[in-house]
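1. Sharing a model that was predicted from the sequence below.
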Amino acid sequence: MVKCAACGKFLSAKGGATCGNFACHNRHHLACLPDAAPTGSDWLCPECRSRLPKGDNSATPVRGLGPVTAAAVVATPDQGAANKSPVRVTHTQNALSKFTDSKEVPRTGSDPATDGEPSPDTQLSLRDEIRLFRSELREVRDEMREFRREMAGLHSTVGICTERVDHLEARVEALESKQSVAMPDGKVSQLENLVSQLRLELNDREQDLFSSDLEIANIPEIPGENIVHTVGLVAAKLGLTVEERDIVFAQRVGQRVEREGRAAGATSPAAAAAARGRRIVVRLTRRSLRDGLLQSARVRRGATTADLGLPTPPRRFYLNERLTRTNKHLFYRVREAAGQLGWRYTWTKYGRILTRQGDGKPTHCIRTEEDLSRVFGGDVSAEKVV
C-alpha cells in the first residue's frame, strides 16, 4: 500500500493524485490537497511546487504553515474564500487539520536567507584547513618530483651498468672464439704431450747427476759421528776399500726420528737418536766404485752393523741408488703394485726402475705413470697403490 505524502495514511492504488515530476511520484489524498482534484499528468505536488521560484502565487503550499496561519488563509476574504464553494472550504479545513495532526512538525521563524550558510568561525576554520591541505599537497609534489629525479638517475646508472656488462660479455665471447680458433683441441693435446716429454727429460737429466751417488739406510746415528769414517767401515764390511779421497761428500738427510728409540727403552738422548738414524747420502768420485758397492751389497744381503764400532745392537743396513723425488715415488708405487699382483722382482739399475713377474719372464722398464698402467694393467690405480 502507498502512503499519502501529506497525512502519512494509506490510500488505495487507484485513488488520489500522483505528482508529475519523474523524480518524485508522490501520491496524495484528494482531501489533503488545497486545490481541486488535479487533472492531467503535469500536476506537481506541494513539495515540488515549493522548489519553484517564488512569486505572487496564491497557490503556495500550505505544508509549511502553522494551524493559525492556515486558518487565517482559509478565512481571509482576500484569498477569494467568499467566492469558493462550501465544499472547497470544507476540503481545505480537513486537509489543514490532518496536516496539523501528522508527525511532521513545521518549522517556524526560520530565515531562508541564512539557512545552510556556515558561520564565520566555520568559514575561517575551513579556510585554514584548505591552506594546510594545499601546503601538504605542495610538499607531496616536491617529494614526487625529487623521487622522479632520483629514479631517472637510477635508471641512467642501471643503463650504464647494463652497457658495460654487455661490452664485457662481447669481449669474453670474442676472446673465447679467438682461443678456439687459435688453439684447437689437437694443438692442446700436442702441447700437453710436449710438456710431459720435457718433464721426463728433466727427470732423466737430474737422475744422471746422481750417477755416482748412493744411499745407506738404517745406520744408527751417533752425536758427533764422522760420516766419512762410517762410510769407510761400511765399505770394508762389504769387502771393498773406500778411502777418504774417493768420497766427494757424505751427509745425513731427512728429519731425525726419536720415537722408535724411546719406545725400545732408550733413556738417554744419545741412545734415542742412535735408535733410528737418518739416511746417509754419499757421492763418490767414480761411478764404477759406486756400482761395485751396490753389487757387493746385493751379494751380502744379510750384512749388519756388527763390527762397525757402533754402541748399538747390530742391525741390518741397506745400500741403494740415489733416486730423484719423482723416481722415488714411482719406485714406491711399482713395488706396491708388484706386491699386490704377486710379481717377484723389482729393482733399480742406473737410475731406471725395472720389474719382472718371475723367472723366465720379460723385464719391464717403468719411467712414467702410463708405463705403470701399461705393465700392471688398467686396474692398478693410485688409490690401491698409495
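-> Looks like it arrived, so ask away.
2. Residue 347: how many residues sit nearby?
-> As a burial measure, the neighbour count of residue 347 was computed by other C-beta atoms under 10 Å and equals 16. Every residue, glycine included, has its C-beta placed from N, CA and C.
3. How about it: what's its closest non-neighbour residue?
-> Of all residues not flanking residue 347 in the chain, residue 354 sits nearest, at 5.6 Å (C-beta to C-beta, 6 or more residues apart in numbering).
4. For residue 215, list each beta-bridge partner.
-> Residue 215 has these beta-bridge partners by DSSP bridges: residue 281, residue 320.
5. That one contacts residue 283, correct?
-> No - under the criterion of C-beta atoms under 8 Å, residue 215 makes no contact with residue 283, lying 10.7 Å away.
6. re earlier: neighbouring strands - and their directions - for the helix or strand hosting the residue nearest to residue 347?
-> Secondary structure from DSSP states H and E places residue 354 in strand 352-356. Taking DSSP bridges as the criterion, strand 352-356 sits next to strand 345-349 (antiparallel), strand 363-366 (antiparallel) in its sheet.
7. just the strands in the stretch 201-350 of the chain please.
-> Taking DSSP state E, counting those that start in this stretch, the strands of the stretch 201-350 of the chain run over residues 213-217, 247-253, 279-284, 318-321, 345-349.
8. which of those sits most buried?
-> For the strands of the stretch 201-350 of the chain, average neighbour numbers computed from mean count of other C-beta atoms under 10 Å are highest in strand 279-284, which has a mean of 21.
9. Quick check: which helices or strands does that one pack against?
-> Strand 279-284 makes packing contacts with strand 213-217, helix 227-237, strand 247-253 when contacts are defined by 3 or more C-beta pairs under 8 Å, 6 or more residues apart in numbering; DSSP states H and E.
10. That strand vs helix 227-237, what angle?
-> Taking axes from the mean of the first three to the mean of the last three C-alpha atoms, to 10 degrees, one finds that strand 279-284 is oriented at 80 degrees with respect to helix 227-237.
11. Run the angle between strand 279-284 and strand 213-217 for me.
-> Going by the same axes, to 10 degrees, strand 279-284 makes 150 degrees with strand 213-217.
12. wouldn't residue 330 be in contact with residue 369 here?
-> Yes - A contact is recorded between residue 330 and residue 369 when judged using C-beta under 8 Å, the distance being 7.5 Å.
13. neighbour count winner among those two?
-> With other C-beta under 10 Å as the criterion, residue 330 and residue 369 differ in neighbour count, and residue 330 comes out ahead with 20 against 13.
14. so which helix or strand takes in the most centrally placed residue in the chain?
-> For the chain, residue 165 is the residue whose C-alpha lies nearest the centre (C-alpha atoms, centre = their mean; 19.9 Å). Assigned by DSSP H and E, residue 165 belongs to helix 120-182.
15. so how far is that helix off the chain centroid?
-> Averaging C-alpha coordinates over helix 120-182 and over its chain gives two centres that are 26 Å apart (C-alpha atoms, centre = their mean, to the nearest Å).
16. where does the closest residue to residue 43 other than its chain neighbours fall, helix, sheet strand or coil?
-> Excluding the flanking residues, the one nearest residue 43 by C-beta to C-beta, 6+ apart is residue 20, at 5.3 Å. Reducing the assignment at residue 20 to three states with DSSP: H, G, I helix; E, B strand; the rest coil gives coil.
17. wait, isn't residue 20 in contact with residue 42?
-> Yes - at 4.9 Å, residue 20 and residue 42 qualify as touching, with contact defined as C-beta under 8 Å.
18. Counting neighbours, go ahead and name the busier of these two.
-> Each of residue 20 and residue 42 had its neighbours counted (other C-beta under 10 Å), and the higher figure belongs to residue 20 (15 against 8).
19. who's in contact with the more buried one?
-> Neighbouring residues of residue 20 by C-beta atoms under 8 Å, 6 or more residues apart in numbering: 40-44.
20. and it, how far is that from residue 123?
-> Using C-beta to C-beta, to the nearest Å, residue 20 is found at 40 Å from residue 123.
21. same question, residue 300
-> 130 Å.
22. do the same with residue 168
-> The value you get for residue 168 to residue 123, if C-beta to C-beta is used, is 67 Å.
23. now residue 166
-> The gap separating residue 166 from residue 123 is 63 Å, by C-beta to C-beta.
24. Any stretches of the stretch 201-350 of the chain with poor pLDDT?
-> Filtered on pLDDT under 70, the stretch 201-350 of the chain yields the residue ranges 257-276.
25. let's go with 80 and repeat that
-> 256-276 (pLDDT under 80).
26. hmm, back to that, burial check on the residue nearest to residue 347, number of neighbours?
-> Counted by other C-beta under 10 Å, the residues lying close to residue 354 total 16.
27. got the domain boundaries for this protein?
-> What automatic domain parsing lists as the domains of the chain is 2-101, 122-182, 211-321, 325-385.
28. Residue 244 and residue 230 touch, don't they?
-> No - checked against C-beta under 8 Å, the pair residue 244 and residue 230 is beyond contact range at 11.9 Å.
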